[in-house]
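**Q** Kindly generate the corresponding structure for this input.
(chains A and B)
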There are 2 protein chains.
Amino acid sequence: MTDEGRVGEGHTDGRESVLDRAVQILGAFGAASPVLSAAQIARRTGMPAPTVYRMVGELLRLGILEREADKRLRIGIRLWELASRSSPAMGLRTAALPFMEDLQAVVRQHTILGIILDREVIYLETLSAPGAASSPAKIAGRLPLHAGSNGLVLLAFAAPELQEQVLAEPLVAVTPRTVTDPKQLRRVLSRIRRDGHFVAERMIREDGAGVAVPIRGADGSVVAALSVAVANNKQVTARMIPALKAASNGITRTLVVAQSAPAGQWPMRPGGVWSGRSPVLAQ
Amino acid sequence: MTDEGRVGEGHTDGRESVLDRAVQILGAFGAASPVLSAAQIARRTGMPAPTVYRMVGELLRLGILEREADKRLRIGIRLWELASRSSPAMGLRTAALPFMEDLQAVVRQHTILGIILDREVIYLETLSAPGAASSPAKIAGRLPLHAGSNGLVLLAFAAPELQEQVLAEPLVAVTPRTVTDPKQLRRVLSRIRRDGHFVAERMIREDGAGVAVPIRGADGSVVAALSVAVANNKQVTARMIPALKAASNGITRTLVVAQSAPAGQWPMRPGGVWSGRSPVLAQ
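**A** Numbering: from 1, shown residues only, chains lettered A, B, ... in the order given. Purely as a prediction, here's the structure:
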């Protein structure tokens, strides 16, 4: 059977599966494996080596992959450019960053911005203090929604259908303190909605606590969660709540302003390409 | 002619062009056009509408595109996740961010991290003060290398072949003060290599200056440039140079440490997926 024949399996035509394979190849790279050989990609994806070589050649030509000096492969900047320059999530992250910096200045460990992706929390941004304990949240990393304060706040304010889907599946214990009982989880989510914040004591780290609040978008719906990782000390965690709520309100205000402002910034043209003569200087 | 037939034009087989088209579709989105209908994508890319509809369906299934409530399309978080979780550029950006924050605390306008992509400067990170003048540098935006302080420093320390390529082409005037004479540009680049910094007075904004320094990676080569946009005042710009050089050295030190440290962070598994039981708590 030719490769072309194989491509179509389970899909309406060959075109679809090429993209499936491209995503599989890109997905083979990770935080702990940022550089891979084509042979390693073939092993990780289970794809035939000749297919991987052809796809890699094309991805290199498009700049989606780049070569290291030793010929091994890594994710190209071009992919990040395509993903970042118009992503609404990047707008959220840009709006949140100054407020996260202000928070981080008073937090001893980590400040984290999370959103929901595929019924998990994905971290859009994390700020850490030098010398802080290793963070459970890495940029573009994921955790189950019920595992920590950030995800639990997101789950509490998520669509009821999503909550029911999560509650209907086995709640995996990420640590021994993860809430795995659906009834108990419902109570936790209800309390989060009532309080507008959540303190997760020793849920991820034995000596730490996560404190999280929801962030509302311009339309009033919860679009993200903001959390800090601090020492597990009631005085410390109580003090974080007003700071988090103030930061969250500031981010919402920025999102409201951004939505009513025109896009595009001089001298960048739509799409981030420079616009030639400046309207200011070229008079 | 069928679509399959058209796909192959100019390529070795149909597979390659599917990726070309996917990149074209993703490239139709921009900072000023983050949300598009399929019909708008067809117009912007010049691709046949049925092809766009099929490709969009597949990209939606893979999470590479997402739908707005009004059914229009935007870039999906999944693409950002694939691009970000293992990108070396993101490692650079993470290393640079704390130093950029410290710089930004004393800078009135913008702090910018740039690298070279396709003979242009692409901005990996920009920090702005509230109320600062609109920035010429937007995250994931680009400018010609010879147009501003950040790109000029990158160009000064780039491979000689790249410099010759840029010098051999017409040097477009982004503003009336852009250096467009190759001889003059050679002198500017030579001065940057001698001084280890560059002050671009009124090059982008009439009342502003850009001050930039190179950032060296763990192997000693220049991997990025760090710049600030400040008022065009000799006292101000002179004061920025030691601050920028200190920040640049700090970033290099972080990159050296990061290279010698093992990857992966608890409880995240390689690739940013949680690892189940924590090695710390699950004893």
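**Q** Please pull out the lowest mean pLDDT helix or strand from chain A.
**A** strand A:268-269 (a mean of 32; mean pLDDT, DSSP states H and E).
**Q** so where's the stretch 51-200 of chain A shaky on pLDDT?
**A** A:130-136 (pLDDT under 70).
**Q** Which stretches in chain A count as strands?
**A** A:65-67, A:73-75, A:110-117, A:120-128, A:142-144, A:198-201, A:208-216, A:222-231, A:268-269, A:273-274 (DSSP state E).
**Q** between those, which one is nearest to residue A:164?
**A** Closest approach to residue A:164 among these is made by strand A:110-117 (14.5 Å; C-beta to C-beta). Every C-beta, even on glycine, is put in place using the N, C-alpha and C of the backbone.
**Q** Excluding residues flanking it in the chain, which one is nearest residue A:63?
**A** residue A:78 (3.4 Å; C-beta to C-beta, 6 or more residues apart in numbering or on different chains).
**Q** residues in contact with the one you found?
**A** A:62, A:63, A:64, B:117, B:118 (C-beta atoms under 8 Å, 6 or more residues apart in numbering or on different chains).
**Q** Find out how far stretch A:20-28 is from the centre of the chain, if you would.
**A** 18 Å (C-alpha atoms, centre = their mean, to the nearest Å).
**Q** For chain B, tell me whether it is touching it.
**A** Yes. With C-beta under 8 Å from any C-beta of the partner chain as the criterion, chain B is reached by stretch A:20-28 at A:20, A:22, A:23, A:26, A:27.
**Q** how much space between the closest residue to residue A:245 other than its chain neighbours and residue A:107?
**A** Nearest non-adjacent residue to residue A:245, counting by C-beta to C-beta, 6+ apart: residue A:213, 5.5 Å away. Distance, residue A:213 to residue A:107, using C-beta to C-beta, to the nearest Å: 13 Å.
**Q** possible to save the contacts of residue A:78 as a markdown table with distance to residue A:177 and neighbour count?
**A** Below are the contacts of residue A:78 laid out as a markdown table (distance: C-beta to C-beta, whole Å; neighbours: other C-beta atoms under 10 Å in any protein chain shown):
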| residue | distance to residue A:177 | neighbour count |
| --- | --- | --- |
| A:62 | 45 | 19 |
| A:63 | 44 | 16 |
| A:64 | 41 | 26 |
| B:117 | 44 | 19 |
| B:118 | 49 | 10 |
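**Q** Touching, residue A:93 and residue A:122? I think so.
**A** No. Using C-beta atoms under 8 Å, residue A:93 makes no contact with residue A:122, being 11.5 Å away.
**Q** So the two - more neighbours on which side?
**A** With neighbours defined as other C-beta atoms under 10 Å in any protein chain shown, residue A:93 and residue A:122 compare such that residue A:122 has more, 26 against 21.
**Q** Confirm for me that the more buried one is in contact with residue A:139.
**A** No. Contact between residue A:122 and residue A:139 fails when scored by C-beta under 8 Å: they sit 9.3 Å apart.
**Q** Just grab the bridge partners of residue A:30 for me.
**A** residue A:33 (DSSP bridges).
**Q** for the stretch 1-150 of chain A, what spans make up the helices?
**A** A:3-7, A:14-27, A:38-45, A:49-61, A:77-84, A:88-104, A:149-156 (DSSP state H, counting those that start in this stretch).
**Q** for the third one, packing partners?
**A** Judged by 3 or more C-beta pairs under 8 Å, 6 or more residues apart in numbering or on different chains; DSSP states H and E, helix A:38-45 is in contact with helix A:14-27, helix A:49-61.
**Q** now swap in the longest one and tell me
**A** Under the contact criterion of 3+ C-beta pairs under 8 Å, 6+ apart, the helices and strands touching helix A:88-104 comprise strand A:110-117, strand A:120-128, strand A:222-231, helix A:234-260, helix B:77-84.
**Q** As CSV, the contacts of residue A:78 with distance to residue B:146 would be great.
**A** Formatted as CSV, these follow (distance: C-beta to C-beta, whole Å):
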residue, distance to residue B:146
A:62, 26
A:63, 21
A:64, 27
B:117, 15
B:118, 14
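**Q** And the residues you listed, which is closest to residue B:47?
**A** Using C-beta to C-beta, these come closest to residue B:47 at residue A:62, 15.9 Å.
**Q** That closest one contacts residue B:20, correct?
**A** Yes. The criterion here is C-beta under 8 Å, and residue A:62 meets it with residue B:20 at 6.9 Å.
**Q** thought residue A:229 was touching residue A:123?
**A** No. With contact defined as C-beta under 8 Å, residue A:229 does not reach residue A:123; the gap is 11.7 Å.
**Q** Please tell me how far stretch A:113-120 is from the chain's geometric centre.
**A** Distance, centroid of stretch A:113-120 to centroid of chain: 6 Å (C-alpha atoms, centre = their mean).
**Q** ugh, wrong one, I meant stretch A:138-156
**A** That offset, for stretch A:138-156, works out to 10 Å (C-alpha atoms, centre = their mean).
**Q** Who are the contact partners of residue A:236?
**A** Applying C-beta under 8 Å, 6+ apart, the residues near residue A:236 are A:209, A:230.
**Q** I'd like the distance between it and chain B.
**A** 20 Å (C-beta to the nearest C-beta, to the nearest Å).
**Q** Then residue A:112?
**A** 13 Å.
**Q** coming back round to it: selecting buried members of the residues of stretch A:20-28 next to chain B in PyMOL, what would you type?
**A** A single PyMOL command is used to select the members of these judged buried by 16 or more other C-beta atoms under 10 Å in any protein chain shown:
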select buried, chain A and resi 22+23+26+27
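**Q** ok, now how distant is residue A:170 from residue A:146?
**A** The value you get for residue A:170 to residue A:146, if C-beta to C-beta is used, is 11 Å.
**Q** Next, show the common contact partners of the two.
**A** residue A:180.
**Q** Among those two, which residue is more densely surrounded?
**A** residue A:146 (25 against 7).
**Q** doesn't residue A:152 make contact with that one?
**A** Yes. With contact defined as C-beta under 8 Å, residue A:146 reaches residue A:152; the gap is 6.3 Å.
**Q** Which residue does the stretch 1-150 of chain A have closest to chain B?
**A** Nearest residue of the stretch 1-150 of chain A to chain B: residue A:30, at 2.8 Å (C-beta to the nearest C-beta).
**Q** Find the residue closest to residue A:120 in space, skipping its chain neighbours.
**A** residue A:142 (4.5 Å).
**Q** ok, how many other residues are close to that neighbour?
**A** 25.
**Q** isn't it right up against residue A:119?
**A** No. Contact status for residue A:142 versus residue A:119: not in contact, 9.9 Å apart, counting by C-beta under 8 Å.
**Q** follow-up on the earlier one: any common contacting residues for residue A:146 and residue A:152?
**A** Counting by C-beta under 8 Å, 6+ apart, nothing touches both residue A:146 and residue A:152.
**Q** Please report how far residue A:162 lies from residue A:26.
**A** 26 Å.
**Q** number of nearby residues for the nearest residue to residue A:102 once chain neighbours are set aside?
**A** Once flanking residues are discounted, residue A:102 sits nearest to residue A:247: 6.7 Å by C-beta to C-beta, 6+ apart. A count of nearby residues for residue A:247, using other C-beta under 10 Å, gives 24.
**Q** Equivalent analysis for residue A:105, please.
**A** 12.
**Q** Same question for the one 5 residues further on.
**A** Applying other C-beta under 10 Å, we find 23 residues neighbouring residue A:110.
**Q** and the gap between it and residue A:236?
**A** From residue A:110 to residue A:236 the distance is 14 Å (C-beta to C-beta).
**Q** What degree of burial does residue A:229 show, as a neighbour count?
**A** 29.
**Q** Repeat that for residue A:169.
**A** Residue A:169, neighbours per other C-beta under 10 Å, totals 12.
**Q** now residue A:82
**A** Neighbour number of residue A:82 under other C-beta under 10 Å is 26.
**Q** Which residues lie in contact with it in this structure?
**A** Contacts of residue A:82 by C-beta under 8 Å, 6+ apart are B:23, B:26, B:27, B:29, B:75, B:79, B:83.
**Q** Might one say that the first one is in contact with residue A:61?
**A** No. Residue B:23 lies out of contact with residue A:61 (C-beta under 8 Å); the separation is 10.1 Å.
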